[in-house]
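Chemist: generate coordinates for the sequence data below:
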Amino acid sequence: MANAPVPSDSLATPKPKQAPQGQGTSTLADLASLRTAPVLSPNQRPGLLADLKSRLAACDWFTIGVMAPSADAALAALRACERALGWPALTAHGQNLEPKTVEGPVFLKGNQHSGQFMLRAEAGLGEGILISGHLKDEPDPAREGTWGPLPLDLFDA
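Modeler: Predicted coordinates:
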């Protein structure tokens, strides 16, 4: 059994889960246990964004991870996030792959401290955005954290 073939569907990117429908809002805590971002209804987005923005306001700088089905989708999600949150645009790291040459699912890792992002092919991940907030001085777990996975289109205008 050690050499048994792995079923091809076990490597597929998980389908997004439907968000909890309760009171019409999802919290960042609801997302923390998910592997892939949920599909949010239009009435769930404002509360989630307000929750995220209040947590981000307590931090000095951020890292962002984008798990996406393509390089174009990852870059679009990054740029929409930067615009929506008023962040300076990150530039591609010098050793970055040319996005046009990366096929299939990707992981993009951006870092405001360095001002750069890296992009690589990465199959088997979920789909969504993870944002981590950091402080310049002493770490404070009450203020810092990682939030998501957030839908790739959460920051689209």
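Chemist: quick one, helices of the protein?
Modeler: For the chain, applying DSSP state H gives helices covering 28-31, 45-56, 71-85.
Chemist: isn't Trp61 up against Lys136?
Modeler: Yes. If you go by CB atoms under 8 Å, Trp61 and Lys136 touch, sitting 7.1 Å apart. Quick note: C-beta positions are derived from backbone N, CA and C, even for glycine.
Chemist: if you count surrounding residues, which of those two has more?
Modeler: Per other CB atoms under 10 Å, whichever of Trp61 and Lys136 has more neighbours is Trp61, with 14 against 8.
Chemist: list the contacts for that one?
Modeler: 112-113, 133-134, 136 (CB atoms under 8 Å, 6 or more residues apart in numbering).
Chemist: hmm, which of the residues you listed are the buried ones?
Modeler: 112, 133-134 (16 or more other CB atoms under 10 Å).
Chemist: can you put those residues in JSON lines and add pLDDT?
Modeler: Below are those laid out as JSON lines (pLDDT from 0 to 100):
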{"residue": "Gln112", "pLDDT": "94"}
{"residue": "Gly133", "pLDDT": "94"}
{"residue": "His134", "pLDDT": "94"}
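Chemist: give the contact list for the residue nearest the centre of the chain.
Modeler: Centroid-nearest residue in the chain: Ile129, 1.0 Å away (criterion: CA atoms, centre = their mean). Taking CB under 8 Å, 6+ apart, we find Ile129 in contact with 37, 64-67, 77, 81, 148-152, 154.
Chemist: tell me the spacing between it and Leu49.
Modeler: 12 Å (CB to CB, to the nearest Å).
Chemist: with that, I have no additional questions.
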